[in-house]
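**Q** here is the input, now give the coordinates:
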Amino acid sequence: MSNQVLGGFLGEDEDMEDIAEDIDIAEDKLEGESSESKSFKSDDIKRDSGTPSGSSVGSSTPTISPEPEDKGAKEFLRQNQQKMQYLIEDYIPPAKKSSHDLTHTYCWDTQLADPSFVAAPVSTFAHAPMADGWDNIMVDMKVEVENSDADPIPGVFNTAFWVATVLRISGYKVLLRYEGFGQDGTKDFWMNLCSEKVHPVGWCATKGKPLIPPKTIQAKYTDWKDFLVKRLTGARTLPTNFYKVVWESVGSVFKKGMKLEVVDKMRISQVRVATVVDITGRRLQLAYDDTEGTESDGFWCHEESPLIHPVGWARKVGHQIAATPDYHDRCLMETYLETDSTPDMFPEYRQPAGSFKAGQKLEAVDPLNLATICVATVMKVLRHGYIMIRMDGYETDPTGGDWFCYHGSSPFVFPPGFCDRNNIKLKVPAGFEGDFLWMDYLKSTKSESAPMSLFSHKDACKHTFKPGMKVECTDLMDPRLVCVGTISRVVGRLLKVHFDGWEEDYDQWMDCESVDMYPVGWCELVGHRLEGPRMKMPIKKERKRKQNPKKAVGKARKKGAGTSPGDVEEGYGDLESRSPTPTPPVLEPEVPPKPEPVKEEEVKQEIPVVTPAEVTEAKKEEAQTTEVKEDIKVTPISAPTSAPIAYVTPTMAPVAEPVPEEEDKYIPRLLDAAGNVTPRSRDQHLEPADWSVKNVTSFLEVNECSNLVLNFVEKEVDGVKFLTLTKQEIMTLVNNKMGPCLKVEHLQKLLKDRLNPAQARLLASFQKK
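**A** Reported below is the predicted structural model:
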């Protein structure tokens with residue numbers, strides 16, 4: 001059968017009884033929704049079986065012109081030129097305007113193929129593009145797409161198109177099947193419905209594009225024109241203003257160069273002035289004004305994020321701000337610039353029925369560890385419903401640097417007892433021992449709880465999120481990243497998002513209306529890079545295990561397979577970034593989840609060119625009874641012995657040189673697994689100024705910071721360097737992440753506090769150099 005090139009069809013909303021009478025293409029009409037309306041409905045399709053003119057090209061291959069020749073059709077197109085403009089004009093999707101490097105962005109297609117895959121519906125995300133009309137996108141809808149199962153005809157066309165049916169909808173992604181395949185799903189394919197490759201039925205007619213049936217099934221029907229007419233009669237397609245609505249829904253109220261106030265990631269108790277430097281899908285890339293403007297000094301957030309505010313907000317509510325005198329004067333005199341953001345550009349928050357008081361106790365999501373809900377205290381009441389709270393689960397910062405601003409209506413503050421009622425683990429105050437009971441705690445601290453009436457407005461919130469649904473979610477500990485995630489738990493309006501492939505320690509409590517979650521396919525739609533799940537691979541079989549394989553593999557698991565501090569999937573804990581930049585997701589050894597502890601006298605082998613030998617784990621430190629540990633022997637690596645993949649160097653000599661034995665130092669455990677300070681015990685043996693790089697890595701491990709080891713090893717941080725690290729140096733070591741930086745600073749402070757006077761003087765001499 002020769003190729004049949006069919007003219008595109010235009011349709012209108014009409015009763016099916018009228019279809020038989022209207023069979024001339026030239027008389028087809030299209031009636032869509034108003035292009036001015038943001039909400040939309042899919043168009044009902046009415047098709048005909050008119051006979052277009054044909055011509056022969058080259059050999060006797062018949063083609064049918066897609067151009068309607070009837071005067072009625074021309075008149076219709078002329079009258080509806082404005083309505084059809086987004087159908088006729090070339091559509092440039094938002095992703096084409098993106099500045100992101102999408103080379104290694106994650107593609108959902110492998111997961112979409114799983115029949116059990118469930119994506120959260122687009123309509124569930126009120127802030128997402130097209131959300132208010134997405135319920136009108138439905139299964140069995142017809143669209144025109146590129147026909148990948150057709151050969152080009154030189155001189156006639158390079159790309160052919162065909163009609164496809166929507167079989168399944170997952171976020172913005174739809175499973176399509178070419179018309180004519182019936183129940184045969186061998187050629188089914190996934191596409192983003194908002195991409196430039198999907199068009200309403202009728203697009204080919206207006207663009208002069210050929211409709212050609214897939215060659216796999218060309219012989220299935222003799223009259224494809226009649227077949228399409230029957231298939232399209234009474235069906236629905238995308239509205240003609242679909243492209244316009246896509247663009248309207250991703251438009252931002254901000255512009256590059258605008259000023260606003262944003263939380264200071266180096267000190268969360270204050271805000272700083274920042275400038276919008278880029279916008280992707282209403283997500284703003286900000287640069288702090290008082291820095292040199294490098295990307296690492298910036299901040300990413302959605303334009304409706306509670307972390308950003310209009311110019312003058314800090315002065316208005318009484319919040320601390322770090323800004324220049326000129327900026328303070330500008331806010332005082334209200335002599336704002338055209339580039340200053342204004343309050344009408346930000347969401348308004350509902351005021352609680354009453355007001356908080358300083359000293360009141362409540363429960364709140366830890367802003368530096370979003371997987372944790374802590375006992376918290378209202379430290380200060382600001383104006384307009386804002387409060388400053390502090391997590392009681394950490395040691396007090398006398399400078400107030402650990403306070404954080406929440407609005408009273410925030411979904412992340414809860415009344416006392418919330419966690420207990422919903423079976424959520426509550427992080428208790430620092431130093432607290434025994435079973436935590438709110439009544440006893442309030443009595444012992446002589447404090448009062450925040451009244452329930454302040455939280456009642458948060459109860460009523462209907463949503464359709466369910467456990468197991470897939471989303472694209474911002475990693476709020478590294479907000480430049482949007483990652484593959486799964487809703488793991490639903491507690492009322494509170495959702496727990498799990499990042500696929502990562503431990504539960506990285507989970508985030510999110511509100512059902514959070515602007516930091518997006519539907520599947522959102523990154524592809526707007527051109528934002530998507531970070532995929534962490535992948536694993538088995539250890540090569542030909543490699544022999546170490547003398548103590550469980551210990552070695554366990555450490556390799558903590559370190560990951562990264563090769564430099566800049567590689568971001570390299571370890572576990574707050575430090576880890578989920579971005580595989582500049583390469584695809586790192587493959588890690590498949591290992592047991594929890595390594596068993598090793599006795600001191602066991603021999604540990606290591607490849608010295610990769611990383612220093614590691615010492616003991618936290619449990620070993622707790623159990624030690626002698627003042628000085630036995631030396632850990634480091635033996636040469638013989639030719640047949642090899643390490644797990646995470647330790648393999650590009651070129652490895654047959655035999656490694658022996659590493660000199662190093663005397664072990666007393667390594668204190670200053671923090672327990674819950675982040676509480678441990679009691680002093682053997683500080684008289686503490687000599688951190690004499691620590692080697694190996695000792696520093698041991699210190700990080702026993703203090704729940706094993707995820708930071710690789711970066712500190714790469715920078716050769718020994719005891720003196722650790723004690724004299726500045727805040728900026730720490731931020732560089734932890735890839736500019738707030739949580740890890742504060743934790744290392746806390747450990748550094750605790751360690752300095754335990755130095756004897758002579759050691760303190762020695763440290764002071766180093767700092768003067």
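
**Q** report the buried residues of stretch 159-172.
**A** 160-166, 168-172 (16 or more other CB atoms under 10 Å). (Each C-beta comes from the backbone N, C-alpha and C, glycine too.)

**Q** and it, what's its mean pLDDT?
**A** Taken as a whole, stretch 159-172 has a mean pLDDT of 95.

**Q** so Leu454 makes contact with Gln351?
**A** No - taking contacts as CB atoms under 8 Å, Leu454 lies outside contact range of Gln351: 10.4 Å.

**Q** so for those two, which residues contact both of them?
**A** When contacts are counted by CB atoms under 8 Å, 6 or more residues apart in numbering, Leu454 and Gln351 are jointly contacted by Gly408.

**Q** out of those two, which sits in the busier spot?
**A** A count of neighbours by other CB atoms under 10 Å puts Leu454 above the other of Leu454 and Gln351, at 20 against 13.

**Q** need the contact list for the more buried one.
**A** Neighbouring residues of Leu454 by CB under 8 Å, 6+ apart: 352-356, 408, 415.

**Q** repeat the analysis, applying 7 Å as the threshold.
**A** 352-354, 356, 408 (CB atoms under 7 Å, 6 or more residues apart in numbering).

**Q** hmm, Glu144 is touching Thr206, no?
**A** No - at 10.6 Å, Glu144 does not count as touching Thr206 under the criterion of CB atoms under 7 Å.

**Q** pick out whichever of those two has more residues nearby.
**A** More crowded of Glu144 and Thr206, by other CB under 10 Å: Glu144, with 25 against 21.

**Q** tell me the confidence at the more buried one?
**A** Model confidence at Glu144 (pLDDT) stands at 95.

**Q** for the stretch 401-550 of the chain, just list every one of the helices.
**A** 418-421, 438-445, 522-526, 549-559 (DSSP state H, counting those that start in this stretch).

**Q** can I get the second one in CSV, CA atoms only?
**A** This points to helix 438-445. Extracted as CSV, the C-alpha positions of helix 438-445 are listed here (Å, rounded to 0.1, in the frame of the first residue of the first chain):
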residue,chain,number,x,y,z
TRP,A,438,4.4,17.4,78.0
MET,A,439,2.7,18.0,81.4
ASP,A,440,5.8,17.1,83.3
TYR,A,441,8.0,19.2,81.0
LEU,A,442,5.8,22.3,81.3
LYS,A,443,5.8,21.9,85.0
SER,A,444,9.6,21.4,85.3
THR,A,445,10.3,24.4,83.0
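
**Q** buried residues in it?
**A** Neighbour counts over helix 438-445 (16+ other CB under 10 Å) mark 438, 441 as buried.

**Q** ok, and what's touching it?
**A** Contacts of helix 438-445 (CB under 7 Å, 6+ apart): 361, 416-417, 448-449.

**Q** out of the residues you listed, which sit inside strands?
**A** Among these, DSSP state E puts Lys361 in strands.

**Q** got JSON lines for the contacts of helix 438-445, with pLDDT and distance to Cys705 too?
**A** Converted to JSON lines, these look like this (pLDDT from 0 to 100; distance: CB to CB, whole Å):
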{"residue": "Lys361", "pLDDT": "96", "distance to Cys705": "29"}
{"residue": "Pro416", "pLDDT": "95", "distance to Cys705": "31"}
{"residue": "Gly417", "pLDDT": "94", "distance to Cys705": "32"}
{"residue": "Glu448", "pLDDT": "95", "distance to Cys705": "36"}
{"residue": "Ser449", "pLDDT": "94", "distance to Cys705": "33"}
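
**Q** mind listing what Val276 touches?
**A** When contacts are counted by CB under 7 Å, 6+ apart, Val276 is found next to 254-258, 284, 286.

**Q** buried ones among the contacts of helix 438-445?
**A** Using 16+ other CB under 10 Å, the buried ones in the contacts of helix 438-445 are 361, 416-417, 449.

**Q** so for stretch 485-492, mean pLDDT?
**A** Across stretch 485-492, pLDDT averages out at 95.

**Q** give the buried residues for it.
**A** 485-487.

**Q** can you check stretch 728-742 too?
**A** For stretch 728-742, by 16+ other CB under 10 Å, it's 730-742.

**Q** likewise for stretch 373-393?
**A** 373-382, 385-393.

**Q** check stretch 353-365 too.
**A** In stretch 353-365, counting by 16+ other CB under 10 Å, buried: 356, 360-365.

**Q** before we move on, back to that, any chance of the buried residues of stretch 485-492 in a markdown table, with distance to Asp718 too?
**A** Converted to a markdown table, those look like this (distance: CB to CB, whole Å):
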| residue | distance to Asp718 |
| --- | --- |
| Gly485 | 38 |
| Thr486 | 41 |
| Ile487 | 44 |
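
**Q** what packs against the helix or strand where Ile373 lies?
**A** Taking DSSP states H and E as the definition, Ile373 sits inside strand 369-381. With contacts taken as 3 or more CB pairs under 7 Å, 6 or more residues apart in numbering; DSSP states H and E, strand 369-381 sits against strand 361-366, strand 386-391, strand 426-427, strand 508-511.

**Q** tell me the confidence at Pro740?
**A** Pro740 carries a pLDDT value of 81.

**Q** and which of the buried residues of stretch 728-742 is nearest to Thr186?
**A** Proximity of those to Thr186 (CB to CB) peaks at Asn735, which lies at 45.1 Å.

**Q** for the closest one, helix, strand, or coil?
**A** For Asn735, the secondary-structure state derived from DSSP: H, G, I helix; E, B strand; the rest coil is coil.

**Q** just to revisit the earlier point, now the helices and strands packed on strand 369-381 in a markdown table, with distance to Leu710?
**A** Shown next, in a markdown table, are those (distance: least, CB to CB, whole Å):
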| stretch | distance to Leu710 |
| --- | --- |
| strand 361-366 | 25 |
| strand 386-391 | 28 |
| strand 426-427 | 27 |
| strand 508-511 | 24 |
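
**Q** closest to Thr124 out of those?
**A** Minimum separation from Thr124 across these (CB to CB) falls at strand 508-511, 12.4 Å.

**Q** next, the buried residues of the closest one.
**A** By 16+ other CB under 10 Å, the buried positions in strand 508-511 come out as 508-511.

**Q** list the strands paired with that strand, with their directions.
**A** strand 494-499 (antiparallel) (DSSP bridges).

**Q** quick one: the partner strand to strand 361-366, angle?
**A** 30 degrees (axes from the mean of the first three to the mean of the last three CA atoms, to 10 degrees).

**Q** before we move on, the earlier item: and the contacts of Val276, which two are the farthest apart?
**A** Longest span within those, CB to CB: Lys255 and Leu286, 13.1 Å.

**Q** and those two? Which one has more around it.
**A** Remark: of Lys255 and Leu286, Leu286 carries more neighbours, 25 against 10, as counted by other CB under 10 Å.

**Q** listing partners with orientation, what would you give for the helix or strand where the more buried one lies?
**A** For Leu286, the element it lies in under DSSP H and E is strand 283-288. Using DSSP bridges, strand 283-288 pairs in its sheet with strand 267-280 (antiparallel), strand 298-302 (antiparallel).

**Q** of all those, which one comes closest to Ser123?
**A** That would be strand 298-302 among the strands paired with strand 283-288, by CB to CB, at 18.2 Å.

**Q** what mean pLDDT does the closest one get?
**A** 91.
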